[in-house]
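J.: Model the structure of this input:
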Amino acid sequence: MALPVASIQLYTLAAEFSADMGGSLDKLAAIGLRNVEAFDFVRRPDEMRTALDAAGLASPTGHAPLLTDTLWTPDGSIPTPAPEVVFEAAAKIGMKTVIDPFVTPERWSTLDSVTDIADRMNALVDTAAGFGLSVGYHNHAQEFVASFDGESAFERFVSLTDSRVAIELDLFWARAGGQDVAALVERLGDRLAAIHVKDGIAPASNPFAPGAPEFSSTSLDQRHAGEGDVPLVESLKAASAVEYAVIEYDNPPGEVFTDIAASFAFLRDGGFVR
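T.: This next block holds a predicted model:
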């Protein structure tokens with residue numbers, strides 16, 4: 001199996017990227033990264049493609065909502081862009097896979113709603129293919145609250161989706177969901193196309209479970225890769241078909257570019273990426 005390539009989810013440096021797109025991408029390139037995972041790209045594909053090209057970077061994957069009817073904004077909810085609009089923007093940037101990053105916790109609570117999420121994803125596969133793209137899903141921890149016949153809502157979702165749907169497993173959030181992360185990676189097998197390489201001290205209980213205390217990303221105790229309690233080494237070794245090892249911090253512990261460089265060094269020096 002070929003090793004995955006390293007990438008970085010740009011949400012990690014959201015503030016810096018919004019303030020100086022070109023300068024931020026230049027800093028990522030100077031660290032040694034060659035790929036990024038875009039977010040909030042649908043409204044600015046031309047600007048983003050120009051900046052990526054100038055920095056010598058590519059965005060083979062990107063996050064955009066595909067499975068939700070409305071989006072929350074500070075000014076109120078707005079309709080989610082049509083899938084064709086999302087896919088057109090992704091194609092302009094040169095993406096290969098568009099990944100939905102979040103479906104609300106209540107929609108993972110019943111088998112009917114999990115089936116609906118899978119059906120919605122399956123309905124997008126051929127539409128995306130018309131743009132030269134595939135679609136995928138990225139987890140948090142809410143997908144591991146409910147279970148059906150001993151199978152988590154997340155794994156039931158995977159089993160219900162077309163084999164062409166890419167799965168991107170966030171290792172930190174799977175750990176926060178109480179999973180044996182390396183074993184989950186092994187079970188996902190060839191369905192697992194990307195991994196979010198994220199470490200830290202997982203919350204004592206699933207923060208998305210009913211009745212859990214309110215939390216925000218700023219309350220998360222995240223660390224450089226290899227310095228927390230997420231079994232990154234075992235999980236990366238268990239992966240059989242992962243194409244992208246994507247660095248991400250929801251709450252960077254220090255200066256963000258230093259944090260990114262530390263996690264990239266973990267992947268590079270450990271021989272986990274090519």
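J.: hey, where'd the strands end up in the stretch 151-274 of the chain?
T.: Along the stretch 151-274 of the chain, the segments classed as strands by DSSP state E, counting those that start in this stretch run 151-152, 166-170, 192-197, 199-201, 221-223, 244-247.
J.: Sheet partners, orientation included, of the first one?
T.: In this case it means strand 151-152. Looking at strand 151-152 with DSSP bridges, its partner strands are strand 147-148 (antiparallel).
J.: now the partner strand, how far from the chain's geometric center?
T.: In this view, strand 147-148 has its centroid 23 Å away from the chain centroid, taken as CA atoms, centre = their mean, to the nearest Å.
J.: Any stretches of the stretch 51-200 of the chain with poor pLDDT?
T.: The model of the stretch 51-200 of the chain has pLDDT under 70 over residues 73-74.
J.: in the longest helix along the chain, what's buried?
T.: Looking across the chain with DSSP state H, the single longest helix is helix 111-129. The neighbour-count check on helix 111-129 (16 or more other CB atoms under 10 Å) flags Ser113, Val114, Ile117, Ala118, Arg120, Met121, Leu124, Val125, Thr127, Ala128 as buried. C-beta coordinates here come from the backbone N, C-alpha and C atoms, glycine included.
J.: That helix: what's the following helix or strand?
T.: strand 134-138 (DSSP states H and E).
J.: any idea which residue of this structure is furthest from its center?
T.: Asp149 (27.0 Å; CA atoms, centre = their mean).
J.: roughly how far apart are it and Asp112?
T.: As judged by CB to CB, to the nearest Å, Asp149 and Asp112 stand 15 Å apart.
J.: and if you look at Ala123?
T.: 16 Å.
J.: where along the stretch 1-150 of the chain do the helices fall?
T.: 14-19, 21-31, 45-55, 83-93, 111-129 (DSSP state H, counting those that start in this stretch).
J.: Make JSON lines out of these and add distance to Gly254.
T.: Converted to JSON lines, the helices of the stretch 1-150 of the chain look like this (distance: least, CB to CB, whole Å):
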{"stretch": "helix 14-19", "distance to Gly254": "13"}
{"stretch": "helix 21-31", "distance to Gly254": "15"}
{"stretch": "helix 45-55", "distance to Gly254": "23"}
{"stretch": "helix 83-93", "distance to Gly254": "30"}
{"stretch": "helix 111-129", "distance to Gly254": "36"}
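J.: Of these, which is nearest Thr68?
T.: Thr68 lies closest to helix 111-129 among these, at 9.2 Å (CB to CB).
J.: Mind giving me the packing neighbours of the closest one?
T.: helix 83-93, strand 134-138, helix 153-160 (3 or more CB pairs under 8 Å, 6 or more residues apart in numbering; DSSP states H and E).
J.: and the second one with helix 83-93, angle?
T.: In terms of direction (axes from the mean of the first three to the mean of the last three CA atoms, to 10 degrees), strand 134-138 departs from helix 83-93 by 100 degrees.
J.: just the angle between strand 134-138 and helix 153-160, please?
T.: Angle, strand 134-138 to helix 153-160, by the same axes, to 10 degrees: 160 degrees.
J.: again, but for the first one
T.: Angular relation of helix 83-93 and helix 153-160 on a 0 to 180 degree scale: 90 degrees, by the same axes, to 10 degrees.
J.: Okay, buried residues for helix 83-93 please.
T.: Neighbour counts over helix 83-93 (16+ other CB under 10 Å) mark Pro83, Val86, Phe87, Ala89, Ala90, Ala91, Ile93 as buried.
J.: Also stretch 221-233?
T.: Quick answer for stretch 221-233 (16+ other CB under 10 Å): Gln222, Arg223, His224, Ala225, Gly226, Glu227, Gly228, Val230, Pro231, Leu232.
J.: got a markdown table for those, with distance to Phe266 too?
T.: Listed next are the buried residues of stretch 221-233 as a markdown table, based on distance: CB to CB, whole Å:
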| residue | distance to Phe266 |
| --- | --- |
| Gln222 | 14 |
| Arg223 | 11 |
| His224 | 7 |
| Ala225 | 4 |
| Gly226 | 5 |
| Glu227 | 9 |
| Gly228 | 11 |
| Val230 | 12 |
| Pro231 | 13 |
| Leu232 | 8 |
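J.: Export the residues you listed as TSV, with columns for distance to Arg156 and pLDDT.
T.: Shown next, in TSV, are the buried residues of stretch 221-233 (distance: CB to CB, whole Å; pLDDT from 0 to 100):
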residue	distance to Arg156	pLDDT
Gln222	28	98
Arg223	31	98
His224	33	98
Ala225	29	98
Gly226	32	98
Glu227	33	98
Gly228	28	98
Val230	23	98
Pro231	23	98
Leu232	26	98
